[in-house]
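1. This is a predicted model, with the sequence first.
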Amino acid sequence: MPSISEFKCNKCNFALNEGSGGYCYVINDNGKRMPCRHPMEFYDLENVLGSIYTIEELNERTGYISECICLDCLCQFRADVGEITWNIFAMKVKHSGIPLKQRDGRKCPRCGSKNVKAETEMVDEPCPKCKVGVIEETVIGWS
């Protein structure tokens with residue numbers, strides 16, 4: 001059961017998007033990313049790929065959308081930045097993990113900067129707003 005977390009600066013209270021940090025998705029036959037809803041990720045995956053699939057198919061057709069922040073302009077957005085290196089779908093085929101592709105790249109949609117991090121990468125890092133405090137993660141619930 002994933003946690004729902006708050007990511008906030010311990011000095012200025014600057015907050016990142018609240019949530020679980022992101023979600024898994026599967027790419028359908030038309031190239032559209034379909035969210036895999038927790039706790040039914042396998043059901044959503046099988047609706048797209050069928051009940052039998054290979055490690056290669058998982059690598060090509062699954063990914064992870066992360067909550068991201070641009071450290072230059074503070075824009076917050078969602079993107080597949082390859083932050084997660086372990087794929088929940090690999091459990092079903094008894095594989096230790098799949099390095100996921102970085103499909104969107106680390107580029108801010110507002111200013112174009114490549115100085116972008118996933119919010120989970122910001123924990124214990126300097127606050128991008130005040131530069132004095134650090135970002136802390138507080139678990140506020142479970143999904």
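-> Now that the structure is in, tell me what you want to look at.

2. and the lowest-mean-pLDDT helix or strand in the chain, how far out from the chain's middle?
-> Using mean pLDDT, DSSP states H and E, the weakest-scoring helix or strand in the chain turns out to be helix 55-61, at a mean of 82. Centroid separation between helix 55-61 and its chain, computed with Cα atoms, centre = their mean, to the nearest Å, is 18 Å.

3. buried stuff in that helix?
-> Leu58, Asn59, Arg61 (16 or more other Cβ atoms under 10 Å). To be clear about C-beta, it is placed using only N, CA and C from the backbone, and glycine gets the same treatment.

4. Could you pull up the mean pLDDT of the very next helix or strand once past it?
-> Next in sequence after helix 55-61, counting helices and strands by DSSP states H and E, comes strand 62-70. The average of the pLDDT scores along strand 62-70 is 90.

5. Pairing partners for strand 62-70, with directions?
-> strand 22-27 (antiparallel), strand 76-79 (antiparallel), strand 116-118 (antiparallel) (DSSP bridges).
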